[in-house]
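[1] Sequence plus the predicted model coming up.
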Amino acid sequence: MHPDPAPEAAFSPDLAMLCAGFAKRLRTRGIRVSTDQAGKLAAAISGVQPHTTEQLYWCAKTTLISHPEDFPAFDRLFSEIFGNVGERLASQLARSPHAVPVPKPATGQSAKLNSPGGSGGVASPLGTGPAHHQRETQMPQNDIASPQEVLGAKELSALAGAELQAVEQAALAMLDNWPTRSSRRRRPARRGSSIALRRSLAGARKTAGEPIELWRTTRVAEPLRLVILVDVSGSMAPYAPAYLHFSHVPARAARTEVFTFGTRLHRLTPGFSVPECSQAVAAACEAAIDRNGGTRISESLETFLRRFGRRGMARGAIVVIFSDGWEQGDPAGLGNQMAALRRLARKIIWVNPRKAAAGFQPLTGGMAAALSHCDAFLAGNSISALGELAKAITEAAEHRSAARTHQVNHAAS
């Protein structure tokens, strides 16, 4: 008999390596799978101990797949490894969507997937081999939820510790579709929109001056800059750590500038080069000596525009402001600073977690003064809401919308 694994080491290194390899195969098919999800698959296999291929299928699908559009690609890859199991189960689910097989914990040494020669029928979680089809218990499909789905509706103010990693996953989604604009620079292209006259004439020297081959160019797509300003005042203290975790991902991978503000402005971008997100956020909170205090949004925006924005940082950028809009100063001053920012930025997105409350109306002086200058007004109170923010960032239009005021008023109502 093999001794039961300790709770802290629920799976063997070999199992962890196999799960990581399966996650890598999924990424080659265009499915976003994190290292943390691969670890959850290994823990699920060790805890459930699936002894049929069907049970292994549901273990993998519920821990690795977060988006329904990734189901077909997962089923195809699973079927390539284990025969047609994945596609057959997907077909059964399509015919009977109200019942889903659920893996049952196995007992005994023969049920362990990482035990060679066991009677479970699956030699390894990523290998091939005969599987014994057994009857499965049935339960409603809605009763099955991945950890990502559970956290999706949870308030950001209630997240702590490792749960904040789910916020980083929401930010990773926008890196694959980062917004761009056409720059003035051009590059050679087979089907470009313009003819490279100089290069075409140079090539004509080889053909007695006849331009037989025309070289073409096209405009270079340049990634847009993202500027994030996070309110760390007392009223925003429960949400600020999650927003900083969200900001750390693009700050390391894309053209992103991050600032905090309460009663004064602090630039965090240099410190956010640290790979470990929790370490960078902890250092940022220590640097923001005005955190958990008052809010002077107008003065902070004036400092940003004077020191950074007008010098090029805000020109043509997407600006995201995380704040509840509780301004201690004159609301008219905030309106003036927002108008100045509007003339520079390509798109302004205001994220207010209070918007998710029932019956919310943007009636506070600061929020009401700023709203007319924003292109989008979002709640951002949960991971699902941050997904909407990521979508709004990646859908930044090439030109400013002429109907932005109508859209903002409609979103606020």
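    Alright, I've got the coordinates.
[2] how far away is E286 from R219?
    In this view, E286 and R219 are 44 Å apart by Cβ to Cβ, to the nearest Å. C-beta here means a position set from N, CA and C on the backbone, and glycine is covered the same way.
[3] what about these two, which has more around it?
    Just comparing E286 and R219: by other Cβ atoms under 10 Å the higher neighbour count belongs to R219, 16 against 10.
[4] Surely that one is in a strand?
    Yes - according to DSSP: H, G, I helix; E, B strand; the rest coil, R219 belongs to a strand.
[5] That one is in contact with P188, isn't it?
    No - R219 is beyond contact range of P188, at 11.9 Å (criterion: Cβ atoms under 8 Å).
[6] Could you tell me how many residues sit around I212?
    If you count neighbours by other Cβ under 10 Å, I212 ends up with 10.
[7] do the one 3 residues further on as well
    Other residues within reach of W215, judged by other Cβ under 10 Å, total 19.
[8] Contact partners for it?
    188, 195-196, 199-200, 203 (Cβ atoms under 8 Å, 6 or more residues apart in numbering).
[9] May I have the phi/psi pair for it?
    Main-chain dihedrals, W215, degrees, to the nearest 10: phi -90, psi 140.
[10] Next one: it relative to S183, how far apart?
    20 Å.
[11] mind listing the helices in the stretch 251-400 of the chain by residue range?
    277-287, 297-304, 331-344, 365-371, 383-394 (DSSP state H, counting those that start in this stretch).
[12] Could you tell me the angle between the longest one and helix 297-304?
    Counting by axes from the mean of the first three to the mean of the last three Cα atoms, to 10 degrees, helix 331-344 points 40 degrees away from the direction of helix 297-304.
[13] what does helix 331-344 contact?
    Contact with helix 331-344 is made by 297-298, 301-302, 305, 309-310, 314-317, 319, 327, 348, 365-366, 368-370, 372-374, as judged by Cβ under 8 Å, 6+ apart.
[14] what about burial for those, which qualify?
    The neighbour-count test (16 or more other Cβ atoms under 10 Å) marks 297-298, 301-302, 305, 309, 314, 317, 319, 327, 348, 365-366, 368-370, 373-374 as buried among the contacts of helix 331-344.
[15] re earlier: list the ones among the contacts of W215 that fall in helices.
    Counted as lying in helices by DSSP state H, out of the contacts of W215, are 199-200, 203.
[16] Just put those residues in TSV and tack on distance to D290 and neighbour count.
    Below are the ones in helices among the contacts of W215 laid out as TSV (distance: Cβ to Cβ, whole Å; neighbours: other Cβ atoms under 10 Å):
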residue	distance to D290	neighbour count
R199	56	15
S200	60	15
G203	62	15
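[17] Using TSV, please lay out these together with distance to S323.
    Output for the ones in helices among the contacts of W215, formatted as TSV (distance: Cβ to Cβ, whole Å):
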residue	distance to S323
R199	51
S200	54
G203	57
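[18] Among these, which one sits closest to F259?
    F259 has its nearest neighbour among those in R199, at 43.9 Å by Cβ to Cβ.
[19] need the contact list for that closest one.
    When the contact criterion is Cβ under 8 Å, 6+ apart, the partners of R199 are 188, 215.
[20] And for the one 5 residues further on?
    Contacts for A204 were tallied using Cβ under 8 Å, 6+ apart; they are 210-212.
[21] Give me the neighbour count for A396.
    Residues lying near A396 (other Cβ under 10 Å) number 20.
[22] Just give the nearest non-adjacent residue to it, would you?
    Leaving out its chain neighbours, the residue that sits closest to A396 by Cβ to Cβ, 6 or more residues apart in numbering is P179, at 4.0 Å.
[23] Please name the residues that touch the one you found.
    Applying Cβ under 8 Å, 6+ apart to P179 gives the contacts 223-224, 318, 393-396.
[24] will you turn these into JSON lines that also has pLDDT?
    Shown next, in JSON lines, are those (pLDDT from 0 to 100):
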{"residue": "P223", "pLDDT": "85"}
{"residue": "L224", "pLDDT": "89"}
{"residue": "I318", "pLDDT": "94"}
{"residue": "I393", "pLDDT": "90"}
{"residue": "T394", "pLDDT": "86"}
{"residue": "E395", "pLDDT": "84"}
{"residue": "A396", "pLDDT": "70"}
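[25] State the pair within the residues you listed that is farthest apart.
    Maximum pairwise distance in those, criterion Cβ to Cβ, is 14.5 Å, between P223 and E395.
[26] all strands of the stretch 101-250 of the chain, in order?
    Assigned by DSSP state E, counting those that start in this stretch, the stretch 101-250 of the chain shows strands spanning 138-139, 180-188, 194-195, 216-223, 226-231.
[27] Would you mind saying which of these lies nearest A171?
    So among the strands of the stretch 101-250 of the chain, strand 226-231 is nearest, using Cβ to Cβ, at 10.4 Å.
[28] Parallel or antiparallel, list what pairs with that closest one.
    Using DSSP bridges, strand 226-231 pairs in its sheet with strand 256-261 (parallel), strand 318-322 (parallel).
[29] for stretch 43-53, what is the average pLDDT?
    Mean pLDDT, computed over stretch 43-53, is 81.
[30] in it, what counts as buried?
    Neighbour-count burial for stretch 43-53, with 16+ other Cβ under 10 Å as criterion, is recorded at 43-46, 48-53.
[31] out of these, who's nearest T63?
    Closest approach to T63 among the buried residues of stretch 43-53 (Cβ to Cβ): A44, at 5.2 Å.
[32] Alright, that wraps it up for me.
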